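Asker: Output the structure for:
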Amino acid sequence: MEYNYSYELAALIVFVFCGFLLITEKGTKRRQNRILLLAFTNCVLSTCCSLMTAMLGNYADGAYDSFFIISEYIYHAIHVTLPFLFVLYVYEILSKWNMIDLKRGALMVAPLLVFYSILILNMFVPVAFVARHGIYERRLGIYFEYIVAVMYMVWCIVEILMNHRLLTASKKVGFCSFLIICLLGVLIQLFYPTVLIEAFMEALGLLALVFSVEDDRSAKDVVTGARNRNAFINDNQCYMAAVNNYHVVYVKFANFRNFQTAMGVLSINEVLLDIATWLLDEHQDYEVYYLENGVFALCDYTWNEEKIDALSKNLEEKFSKYWTYGSITIPFNTQIYTVKIPKDVNNINELLSLIDSDNNITDQVVARFEGDDLQFVKRKSEVEAAIKRALDDNKLKVYYQPIWDSSTNKIRSAEALVRLIDDDLGFIPPDEFIPIAEQTGQILDIGTFVFETVCQNIKEQNFRDLGIDFVDVNLSPVQCMQSNLDETFRLIMDKYGIDSDQINLEITETAAAENPEMFKETMEKLKAMGFKFSLDDYGTGFANISYMVDMEFHIIKIDKTILWNADKSETARVILDNTIRMIKEMGVNIITEGVETQSQRDYLRNAGCDYCQGYYFSRPVERDSFVDYCIKFKSQTNG
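Answerer: Residues are numbered from 1 along each chain as shown. This next block holds a predicted model:
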């Protein structure tokens with residue numbers, strides 16, 4: 001029988017090239033790389049056997065029958081395992097390796113064992129094939145090899161379809177290409193047995209996997225060479241979806257930004273590369289990620305608590321000493337988080353919350369967090385859910401804190417403050433839920449709710465008749481980045497017939513930090529509508545003079561801590577006096593927060609402060625209580 005084995009030779013070249021590329025570029029650290037390398041080895045061996053069979057088949061005298069027969073047996077024994085290896089590869093890519101228990105493993109191996117039984121039986125009874133005198137004849141049993149291949153391919157297709165959301169577009173293309181190309185090769189080989197094209201088609205299919213599924217250039221961090229944040233998210237989403245138990249260990253440098261500012265980006269990047277190199281070399285059994293801003297992650301996608309405990313201790317020992325790079329010693333404050341999934345966290349948002357946590361270390365070079373130390377993540381998730389419930393069920397409340405006018409002895413204004421009281425969690429302080437809402441984007445809905453509620457209350461309760469000239473409404477930095485914020489406010493004010501001078505927008509300096517251009521554009525639009533602005537938190541270390549001048553604030557709010565310190569220290573009182581004098585000379589009105597006693601009120605009035613706000617007058621109260629308070633205060637002062 002004359003065989004055309006030119007395709008086999010071409011396939012052999014492709015297999016060797018791809019295997020070399022896989023080893024040199026990817027290495028064998030990751031299980032998926034080892035499985036794929038095993039598949040290439042399988043193909044090389046089976047192709048060599050196929051070539052030997054084809055060449056020996058040209059000798060019809062039977063001189064090499066023994067080699068001819070042995071190569072046929074070896075070819076079938078090896079080649080039938082390729083689709084089985086592909087199933088294992090798919091399970092690894094889908095992060096379902098840990099789901100291969102004894103029962104599932106036995107089910108996966110069973111078709112192979114049946115075919116091997118047929119091969120063994122064929123040694124005594126020719127049920128699969130006959131090979132002698134250079135002639136190869138198929139028997140009915142050999143078609144079970146194709147049935148086995150189809151069974152494994154169908155298995156892979158089902159797994160891919162059921163978990164397609166866990167795959168990127170390139171991985172989907174790679175898997176589809178492999179399956180289609182290999183199927184074509186099998187069909188051609190089946191109907192044209194002398195055209196040895198099956199191995200060549202397998203080579204093209206595996207090549208498609210190498211340049212799609214195995215192409216992780218987009219998953220690499222360009223600075224450190226570790227896997228990046230997107231890869232971390234994708235990998236963990238896959239493992240969480242596969243209901244795996246595994247560990248993630250964070251290494252977070254709490255004071256990273258300080259050194260980034262002091263050393264410059266280029267120098268700190270060299271330090272990060274040095275740290276990443278150590279992590280990658282020292283901990284090759286783990287996936288190492290760099291998640292930006294001085295945070296590394298090491299993932300062990302198994303459940304080996306002793307191994308993870310040893311890793312955490314090793315990291316603690318390493319970072320208990322300051323990191324040395326060349327002649328530079330860097331005193332990082334290092335936090336090590338050991339996270340058990342799903343015991344400690346059960347979704348990607350909770351896992352990422354640990355990166356943004358503020359467990360700042362002041363007196364320790366290194367600190368470890370695990371178990372109950374991570375409960376704040378669950379608390380954050382619960383608060384986020386409470387915010388969503390409050391928005392969905394319209395359960396947020398707007399409270400008002402009166403603002404007293406020192407020149408008229410009247411309540412002339414108020415600050416609108418949002419409150420969240422959840423059925424399950426009870427009262428949630430604003431300084432807890434507002435930052436969470438800013439991270440999740442829920443602050444946009446909260447801000448719109450507060451603004452509309454204030455407009456509605458101004459109209460329905462006729463605040464002007466109560467003597468209220470304007471209401472202070474806080475703007476979140478996230479809101480200030482909205483390009484259509486002016487249009488949103490315009491539609492609400494038109495709905496209730498409210499003028500812009502009835503609302504004063506309160507912002508902090510940090511509002512402009514993220515995107516100064518967008519912030520300035522939004523503020524200009526709001527100014528054009530007639531809005532005026534208050535600067536909040538003056539004296540807390542955020543507000544500065546240039547910011548005050550550029551924004552042309554109508555009111556500057558002096559933080560309560562300055563007033564309280566002035567009660568304790570003569571130096572602080574001098575600072576407060578001069579602060580009030582400076583702001584007044586700028587032609588800007590002043591509100592001082594935190595007024596709790598009559599002596600504080602009298603002192604501020606004598607110092608020239610325009611408005612006072614604090615518990616001396618009233619705590620923040622609901623709308624009806626605020627209206628009653630204004631009526632009562634007005635009658636008392638008029639009387």
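Asker: what comes up buried for stretch 127-139?
Answerer: By neighbour count on 16 or more other CB atoms under 10 Å, the buried set for stretch 127-139 is A128, F129, A131, G134, Y136. Quick note: C-beta positions are derived from backbone N, CA and C, even for glycine.
Asker: so which of the residues you listed comes closest to F200?
Answerer: Y136 (18.9 Å; CB to CB).
Asker: Can you tell me the SS state at the closest one?
Answerer: Counting by DSSP: H, G, I helix; E, B strand; the rest coil, the backbone at Y136 sits in strand.
Asker: List the beta-bridge partners for it.
Answerer: Beta-bridge pairing for Y136 (DSSP bridges): A131.
Asker: My guess is it contacts T53. True?
Answerer: Yes. The pair Y136 / T53 is scored as a contact, 7.1 Å apart, by CB atoms under 8 Å.
Asker: which neighbours do the two share?
Answerer: Residues touching both Y136 and T53 by CB atoms under 8 Å, 6 or more residues apart in numbering: E72.
Asker: Apart from its chain neighbours, what residue comes closest to Q442?
Answerer: Leaving out its chain neighbours, the residue that sits closest to Q442 by CB to CB, 6 or more residues apart in numbering is I387, at 5.1 Å.
Asker: Pull the residues that contact the helix or strand harbouring the one you found.
Answerer: Element membership of I387, judged by DSSP states H and E, is helix 375-393. Here helix 375-393 makes contact (CB under 8 Å, 6+ apart) with 344-345, 347, 349-350, 353-354, 357, 395-396, 420, 422-425, 428, 432-433, 436-437, 440, 442, 445-446, 449.
Asker: quick one: which of the residues you listed sit in helices?
Answerer: N349, E350, S353, L354, E432, F433, I436, A437, T440, D445, I446, F449 (DSSP state H).
Asker: Just the closest of the residues you listed to D494, please.
Answerer: Looking at the ones in helices among the contacts of helix 375-393 and their distance to D494, the nearest is F449, at 17.5 Å (CB to CB).
Asker: farthest pair in the ones in helices among the contacts of helix 375-393?
Answerer: Largest pairwise distance in the ones in helices among the contacts of helix 375-393, by CB to CB, is 29.6 Å, between L354 and F449.
Asker: Would you mind telling me which of these two has more residues around it?
Answerer: L354 (24 against 16; other CB atoms under 10 Å).
Asker: And the more buried one, how close does it get to W97?
Answerer: 25 Å (CB to CB, to the nearest Å).
Asker: Likewise for F178?
Answerer: 19 Å.
Asker: Also D624?
Answerer: 61 Å.
Asker: longest helix in the protein, by residue count?
Answerer: helix 31-56.
Asker: which other helices and strands contact it?
Answerer: helix 6-25, helix 65-79, helix 82-93, helix 198-210 (3 or more CB pairs under 8 Å, 6 or more residues apart in numbering; DSSP states H and E).
Asker: and the next helix or strand after the third one, how far out from the chain's middle?
Answerer: When you say that, I think you mean helix 82-93. Per DSSP H and E, helix 82-93 leads on to helix 102-122 as the next helix or strand towards the C-terminus. Mean-position distance between helix 102-122 and its chain equals 42 Å (CA atoms, centre = their mean, to the nearest Å).
Asker: Tell me the buried residues in helix 102-122?
Answerer: Buried, per 16+ other CB under 10 Å, within helix 102-122: M108, P111, L112, F115, I118, L119, N122.
Asker: Pick out the most distant pair among these.
Answerer: So, the buried residues of helix 102-122 by CB to CB: farthest apart are M108 and N122, at 23.4 Å.
Asker: Just give me the neighbour total for G225.
Answerer: The burial count for G225: 14, using other CB under 10 Å.
Asker: Could you measure from it over to V44?
Answerer: G225 is 30 Å from V44, by CB to CB.
Asker: Likewise for K520?
Answerer: 64 Å.
Asker: who has more neighbours, those two?
Answerer: Counted by other CB under 10 Å, K520 and V44 do not tie: V44 has more neighbours, with 19 against 14.
Asker: Who are the contact partners of the closest residue to the more buried one other than its chain neighbours?
Answerer: Excluding the flanking residues, the one nearest V44 by CB to CB, 6+ apart is F15, at 4.9 Å. F15 makes contact with F40, C43, V44, T47, A203, L206, according to CB under 8 Å, 6+ apart.
Asker: can you pull the contacts of the first one?
Answerer: It refers to F40. F15, C18, G19, L22, L206.
Asker: Would you mind measuring from A367 to L272?
Answerer: A367 is 21 Å from L272, by CB to CB.
Asker: ugh, wrong one, I583
Answerer: Taking CB to CB, one finds I583 at 44 Å from L272.
Asker: and if you look at Q613?
Answerer: Distance from Q613 to L272, by CB to CB: 46 Å.
Asker: Could you do S483 as well?
Answerer: According to CB to CB, S483 stands 35 Å off from L272.
Asker: can you check M201 too?
Answerer: 44 Å.
Asker: do L45 as well
Answerer: Where L272 is concerned, L45 sits at a distance of 43 Å (CB to CB).
Asker: Please say which of the two ends up with more neighbours.
Answerer: Taking other CB under 10 Å, L45 and L272 do not tie; L272 has more neighbours (23 against 16).
Asker: partner strands of the longest strand belonging to the chain, parallel or antiparallel?
Answerer: In the chain, assigned by DSSP state E, the strand with the most residues is strand 410-422. Applying DSSP bridges, strand 410-422 is found paired with strand 397-405 (antiparallel), strand 426-428 (antiparallel), strand 470-474 (parallel).
Asker: Select, out of those, the one closest to S327.
Answerer: strand 470-474 (48.5 Å).
Asker: Residues contacting the closest one, please?
Answerer: 400, 403, 413-417, 450-451, 454, 458, 463, 501-507, 532, 534, 536.
Asker: Buried residues of stretch 325-341, list them for me.
Answerer: Residues Y325, I330, F332, N333, T334, Q335, I336, Y337, T338, V339, K340, I341 are the ones in stretch 325-341 that count as buried (16+ other CB under 10 Å).
Asker: Of the residues you listed, which belong to strands?
Answerer: Y325, I330, T334, Q335, I336, Y337, T338, V339, K340, I341.
Asker: closest to Y7 among the residues you listed?
Answerer: Nearest member of those to Y7, counting by CB to CB, is I341, at 47.0 Å.
Asker: ok, and the closest non-adjacent residue to that closest one?
Answerer: Y246 (5.6 Å).
Asker: Which pLDDT value goes with the one you found?
Answerer: Predicted confidence (pLDDT) at Y246: the value is 88.
Asker: and if you look at D550?
Answerer: pLDDT at D550 comes out at 68.
Asker: hey, C-alpha coordinates of stretch 157-172 in CSV?
Answerer: Backbone C-alpha positions of stretch 157-172 (Å, rounded to 0.1, in the frame of the first residue of the first chain) are rendered in CSV as follows:
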residue,chain,number,x,y,z
ILE,A,157,-17.9,20.9,23.7
VAL,A,158,-20.5,20.5,26.5
GLU,A,159,-18.1,21.9,29.1
ILE,A,160,-17.2,24.8,26.9
LEU,A,161,-20.8,25.7,26.2
MET,A,162,-21.8,25.4,29.8
ASN,A,163,-18.9,27.7,30.9
HIS,A,164,-18.5,29.9,27.9
ARG,A,165,-18.9,33.1,30.0
LEU,A,166,-15.6,32.2,31.8
LEU,A,167,-13.7,32.2,28.5
THR,A,168,-12.3,35.2,26.7
ALA,A,169,-13.1,35.7,23.0
SER,A,170,-9.6,34.5,21.9
LYS,A,171,-10.0,31.3,24.0
LYS,A,172,-13.3,30.6,22.4
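Asker: Have a look at the protein and report the helix or strand with the lowest mean pLDDT.
Answerer: helix 545-551 (a mean of 67; mean pLDDT, DSSP states H and E).
Asker: Quick one: name whatever helix or strand follows that helix.
Answerer: Following helix 545-551 toward the C-terminus (DSSP H and E): strand 555-558.
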